[in-house]
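K.L.:
give me a model of this one.
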Amino acid sequence: MKMRPEKNQVTWAITIFFLSIAIMLAYYVIFNGISVVKTVSKVVDSLSGIIIGVIIAFVLIPLTDGIERKIVIPIYHLRGYDISRASNVNAKKRKQARKISVAITMLIFLFVIYSLFRIIIPELIDSIRQIVRKFPEYEKQINEESQLLFESNSIEVQNFINSQLDRSYVSLSEFLQEKLMPLVPSVDSFFKMASQGVFSIIKVLFDLVVGLIVAIYVLNSKEVFSTKGKKIAYALFREEFANEVIGGFRFIGDIFEGFVGGKLVDSVIIGIICYIGCVLLKLDYPLLISVIVGVTNIIPFFGPYIGGAIGAMLLLITPVKALIFLIFIIVLQQFDGNILGPTILGSSTGLSSFWVLFSITFFGGMWGIVGWLVGVPIFAVIYAFISRITNILLTKKELSVVTEDYDDLAYIENKEYKTLTDEHNDKYNAHKEVGMVTKLYHNGRDKVKGIVEKVKKKDKPDKK
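P.N.:
Here you go, the predicted model:
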């Protein structure tokens, strides 16, 4: 007779096994954190081409879907082919339509990249050359302004400023000789660094080529990944839990697609409007400033301030133009924050301004600029996950999942909601004691009233 373990025993054995693995992994991460970080960095570096490809595909998915849905599929329908996903008759035609859509998408993408390098990059280089060429003029103007400032002040102030400048020059020379010069590479190290730079450039080019190939593959087979993922989910988990997992991944995709794609479109529009405004206002370096404003606008919350500050610094040699630019950029960002941004992004994240600021600060501190870019959608997913778990637990306890029901709540007793506005609900510190400052105020006021009343009684004549 064969002895078979019961279902409950198998469940406990699997649970103990995975719990043991989790404890060992936690122990290793805690006591070998640096090596774990280095290992993860090596893995990410080795997969950088694939990661770039997935990011490119993720950004291009809305464009591919739009081309397929609004251009390619209607053409096939006019020719009498039903290539919808519900139809299994023309699977080959459906694959053919997808390949055409991906080809058009990649042509548009490559054309945009070519335009960027062919038109915008030379203009940016020319703007930078103009700044370098005019640098002596800037220096001369600064010297003239500082000389006027010195002349308008007393001798003591001039001596103080000169002494501070002398100290600054001494500190700068010491820094150059003691700190910076030792970092200047020798001939051998220079060639070593040059060779490393060449290999780095080759690796970047290789990653870009791999990324384009991966992007084409992902765009062409994105439904295949989704289908296999759903198959694995229903194989591993219970039906209800598998539905939750699949719904969660759909939510993550919608959040990232809505935020990242919408933010890119929003930033491009802001950059174009900024360029038109700078040209109309006759500001210097309009293209360079517009590219800076558009790129920094991708960063939520802090991006507009960073772009505005950099643009104002480029125009600072002419204070009037810098002031005009700051006023223009404030108006532009108000338009973006109140009209354009909500129209494009909508409620793609569902986060309040506080949580947006928190996510940018937290993930920016962890991952730098990348954290600024992806921190908001990542935290939106975490926030939604916690909200979902909270609602599930409340539903199991037969409590309300409506947030507004907890606004005036003092406590819950036998599933009955007790409100703060009802003075009879005085349990669990529902009505807190009077604070120390309030007590001192009322006690002092009562004592003053008592003294005033005593004085009034003494001043009144006795009635006989």
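K.L.:
neighbours of residue 57, how many?
P.N.:
As a burial measure, residue 57 scores 22 neighbours (other CB atoms under 10 Å). (Each C-beta comes from the backbone N, C-alpha and C, glycine too.)
K.L.:
just give the nearest non-adjacent residue to it, would you?
P.N.:
residue 218 (3.8 Å; CB to CB, 6 or more residues apart in numbering).
K.L.:
do the same with residue 304
P.N.:
Distances taken as CB to CB, 6+ apart place residue 333 nearest to residue 304, at 4.4 Å, with adjacent residues excluded.
K.L.:
related to what we said a few turns ago, the residue nearest to residue 57 against residue 55, yeah?
P.N.:
No: applying CB atoms under 8 Å as the test, residue 218 and residue 55 come out as separate, 10.1 Å apart.
K.L.:
secondary structure element holding residue 334?
P.N.:
helix 319-335 (DSSP states H and E).
K.L.:
cool, residue 203 as well?
P.N.:
According to DSSP H and E, residue 203 maps onto helix 187-220.
K.L.:
now do that helix, average pLDDT.
P.N.:
On average, the pLDDT along helix 187-220 is 76.
K.L.:
I'd like the next helix or strand past it.
P.N.:
Downstream of helix 187-220, the next assigned helix or strand under DSSP H and E is helix 222-236.
K.L.:
contacting residues around the next helix or strand after that following helix?
P.N.:
With elements assigned by DSSP H and E, the helix or strand that comes after helix 222-236 is helix 239-256. If you take CB atoms under 8 Å, 6 or more residues apart in numbering as the criterion, helix 239-256 is touched by 58, 229-230, 233-234, 236-237, 348-349, 377, 380-381, 384-385, 388.
K.L.:
run the last query once more with 6 Å
P.N.:
Outside helix 239-256, the residues that touch it by CB atoms under 6 Å, 6 or more residues apart in numbering are 230, 233, 234, 377, 380, 381.
K.L.:
roughly how far apart are the fifth one and residue 360?
P.N.:
Computed as CB to CB, to the nearest Å, the residue 380 to residue 360 distance reads 12 Å.
K.L.:
over to the fourth one?
P.N.:
Residue 377 sits 11 Å away from residue 360, taking CB to CB as the criterion.
K.L.:
residue 199: neighbour count?
P.N.:
Residues near residue 199, counting by other CB under 10 Å, number 10.
K.L.:
dump the residue contacts of it.
P.N.:
By CB under 6 Å, 6+ apart, the contact set of residue 199 is empty.
K.L.:
check residue 282 too.
P.N.:
Contacts of residue 282 (CB under 6 Å, 6+ apart): none.
K.L.:
what about the residue lying closest to residue 296 once chain neighbours are set aside, how many neighbours?
P.N.:
Among residues not flanking residue 296 along the chain, residue 307 sits closest, at 3.6 Å (CB to CB, 6+ apart). For residue 307, the count of nearby residues is 28 (other CB under 10 Å).
K.L.:
in this structure residue 307 contacts residue 294, no?
P.N.:
No: at 7.8 Å, residue 307 does not count as touching residue 294 under the criterion of CB atoms under 6 Å.
K.L.:
if we can go back for a sec, and residue 218 and residue 55? which has more neighbours close in?
P.N.:
Per other CB under 10 Å, whichever of residue 218 and residue 55 has more neighbours is residue 218, with 20 against 14.
K.L.:
and the helices in the stretch 251-400 of the chain, which stretches?
P.N.:
Counting by DSSP state H, counting those that start in this stretch, the stretch 251-400 of the chain has helices at residues 262-280, 286-296, 303-314, 319-335, 341-345, 353-367, 369-396.
K.L.:
I'd like the average pLDDT over the fifth one.
P.N.:
So the one you mean is helix 341-345. So the average pLDDT for helix 341-345 ends up being 71.
K.L.:
okay, now the unreliable bits of the stretch 201-350 of the chain?
P.N.:
344-350 (pLDDT under 70).
K.L.:
could you redo the last one with a cut-off of 50?
P.N.:
Across the stretch 201-350 of the chain, no stretch falls below the confidence threshold (pLDDT under 50).
K.L.:
do the same with the stretch 351-464 of the chain
P.N.:
Looking at the stretch 351-464 of the chain by pLDDT under 50, you get 464.
K.L.:
tell me how far the residue nearest to residue 381 when sequence neighbours are not counted lies from residue 367.
P.N.:
Excluding the flanking residues, the one nearest residue 381 by CB to CB, 6+ apart is residue 252, at 5.3 Å. Remark: distance between residue 252 and residue 367 (CB to CB) = 18 Å.
K.L.:
roughly how far does residue 261 sit from residue 356?
P.N.:
18 Å.
K.L.:
thinking again about what came up before, so how many other residues sit close to the residue nearest to residue 304?
P.N.:
Residues near residue 333, counting by other CB under 10 Å, number 20.
K.L.:
could you do residue 368 as well?
P.N.:
Neighbours of residue 368 under the rule other CB under 10 Å: 10.
K.L.:
and what of residue 24?
P.N.:
Using other CB under 10 Å, the number of residues around residue 24 comes to 10.
K.L.:
now do the same for it: its pLDDT.
P.N.:
We have a pLDDT of 76 for residue 24.
K.L.:
got the buried residues for stretch 70-79?
P.N.:
Neighbour counts using 16 or more other CB atoms under 10 Å place 72, 73, 76 of stretch 70-79 among the buried residues.
K.L.:
brain fart, stretch 217-231
P.N.:
Under the neighbour-count criterion of 16+ other CB under 10 Å, stretch 217-231 has 217, 218, 219, 220, 222 buried.
K.L.:
what of stretch 243-260?
P.N.:
In stretch 243-260, counting by 16+ other CB under 10 Å, buried: 245, 246, 252, 255, 256, 257, 258, 259, 260.
K.L.:
before we move on, what about stretch 381-394?
P.N.:
Within stretch 381-394, the residues scored as buried using 16+ other CB under 10 Å are 381, 383, 384.
K.L.:
residue 320 and residue 312: what is the separation?
P.N.:
Distance from residue 320 to residue 312, counting by CB to CB: 12 Å.
K.L.:
please apply the same query to residue 430.
P.N.:
52 Å.
K.L.:
with residue 409 instead?
P.N.:
Taken as CB to CB, the span from residue 409 to residue 312 is 49 Å.
K.L.:
which residue of the two possesses the greater neighbour count?
P.N.:
Neighbours per residue, other CB under 10 Å: of residue 409 and residue 312, the larger number sits with residue 312, 18 against 14.
K.L.:
so that one sits against residue 321, correct?
P.N.:
No: Residue 312 is not in contact with residue 321 according to CB under 6 Å; the separation is 9.2 Å.
K.L.:
for the stretch 1-150 of the chain, what spans make up the strands?
P.N.:
Counting by DSSP state E, counting those that start in this stretch, the stretch 1-150 of the chain has no strands to list.
K.L.:
tell me where it has helices.
P.N.:
Applying DSSP H, counting those that start in this stretch to the stretch 1-150 of the chain gives helices spanning 7-31, 33-46, 48-67, 73-78, 91-115, 121-133, 135-151.
K.L.:
once you drop chain neighbours, what's closest to residue 310?
P.N.:
Once flanking residues are discounted, residue 310 sits nearest to residue 292: 5.2 Å by CB to CB, 6+ apart.
K.L.:
kindly report the same for residue 206.
P.N.:
If the residues on either side of it in the chain are set aside, residue 206 comes closest to residue 49, at 6.8 Å by CB to CB, 6+ apart.
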